[in-house]
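Q: Here you go, sequence then predicted model.
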Amino acid sequence: STARCSLSLPSPTLTPLTAWSRSLRLASRRTLLPEMAMTGGPNDDYLGWDRISKGSLRSARRLSSRRGRDESGLFLVEGAQAVREALAWPGKVNLLATSDPARDAEHVEVATCRGVRVVVLTDEDVNALSDTVTSQGIFAVCRQVTRRELPDEAVRLAVICAQVRDPGNAGTVIRCADAFGADCVILTRGSVDPHNPKTVRSSVGSIFHLPVVVGVELADAVEWAHQHQMSVLAADGGGHSLDVVARSGCLKRPIAWLMGNEAWGLPEADRALADEIVGVPMWGAAESLNLSTAAAVVLYATASEQRA
């Protein structure tokens, strides 16, 4: 049978974490919450967890800047689902920080079993780390996950983002690519850093699920796609309608979708690199679709055809 991971509480008795988490939830109702109300932070002696140090907090805050991420090789993950996905990969998480170990007992258990240090945050610490209005109060400091080498293995569905600058759009494209079974996402030179906190949050953990390649020139990405016998389709206006392309059977082939910048789309020189221009048909009054919405539509259509 598989041994369960246990944690050492302030007393010398070792208690299985499931029992510990139940007792901690009960104790937090009776003792912890009043203590936090009086002191503005958790009762460290009672919990047996270290408070995050000023140095660690300062280092984590620096990860909100690209310079801080580049110098450290780390990035900050916020939110229960994204942290759960990070913890699923051994060796990726350096630090787990939570404002409520009882609430996040599942994450704490996994982190402890993996030898990841766990620290407790005050409300002030959470506000210092989070860039959201309402934070879930759980963070992980992780090793960066992107790569600069294009995949060598066979690829049937890829997304090439040409100078995509909006963090939320980039994260949502990564999430859509993951959802529809794409093999990789390529962010060309000049695109947003996928380790940007807003990008990571928008990906909701998908950044840990598939290769994300950065720093590649667009021409090199297109050449790579052609070398892997992929058709490069540019999602842009003025081309063939997506439904017509789907009915033709073209989407059954290996496809790399080329997505342009949110503001100016694909310049003519970039469009010329594609094998075909494909537009998403719209039958309502909307003027256009944003980048991530268009990506979701074309990826769904392609994945459906490839699996039919």
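A: That came through fine.

Q: Please enumerate the strands of the protein.
A: 6-8, 14-16, 50-51, 74-78, 93-98, 117-120, 138-143, 157-161, 184-188, 212-216, 231-241, 255-259, 276-279 (DSSP state E).

Q: By mean pLDDT, show me the worst of these.
A: Mean pLDDT is lowest for strand 14-16 out of the strands of the chain, coming in at a mean of 34.

Q: So what touches stretch 64-75?
A: 59, 62-63, 76, 94, 131, 141-144, 193, 195-197, 200 (CB atoms under 8 Å, 6 or more residues apart in numbering). (Glycine included, C-beta is placed from N, CA and C.)

Q: so what pLDDT did the nearest residue to Pro90 once chain neighbours are set aside get?
A: Among residues not flanking Pro90 along the chain, Arg114 sits closest, at 6.0 Å (CB to CB, 6 or more residues apart in numbering). Arg114 carries a pLDDT value of 95.

Q: For burial, what's the neighbour tally of Arg114?
A: Neighbour count for Arg114, taken as other CB atoms under 10 Å: 16.

Q: same deal with Arg147?
A: Neighbours of Arg147 (other CB under 10 Å): 13.

Q: So what pairs up with the residue lying closest to it once chain neighbours are set aside in the strands?
A: Nearest residue to Arg147, sequence neighbours excluded (CB to CB, 6+ apart): Val213, at 5.6 Å. Beta bridges link Val213 to Arg147, Ile186, judged by DSSP bridges.

Q: thinking Val213 is in contact with Arg148, fair?
A: Yes: the pair Val213 / Arg148 is scored as a contact, 6.7 Å apart, by CB atoms under 8 Å.

Q: Return the distance of Gln227 relative to Gln136.
A: 43 Å (CB to CB, to the nearest Å).

Q: tell me the contacts of Ile138?
A: So Ile138 contacts 78-80, 83, 96-99, 104, 107 (CB under 8 Å, 6+ apart).

Q: Next, count neighbours for the nearest residue to Leu76 once chain neighbours are set aside.
A: Leaving out its chain neighbours, the residue that sits closest to Leu76 by CB to CB, 6+ apart is Leu63, at 4.2 Å. As a burial measure, Leu63 scores 22 neighbours (other CB under 10 Å).
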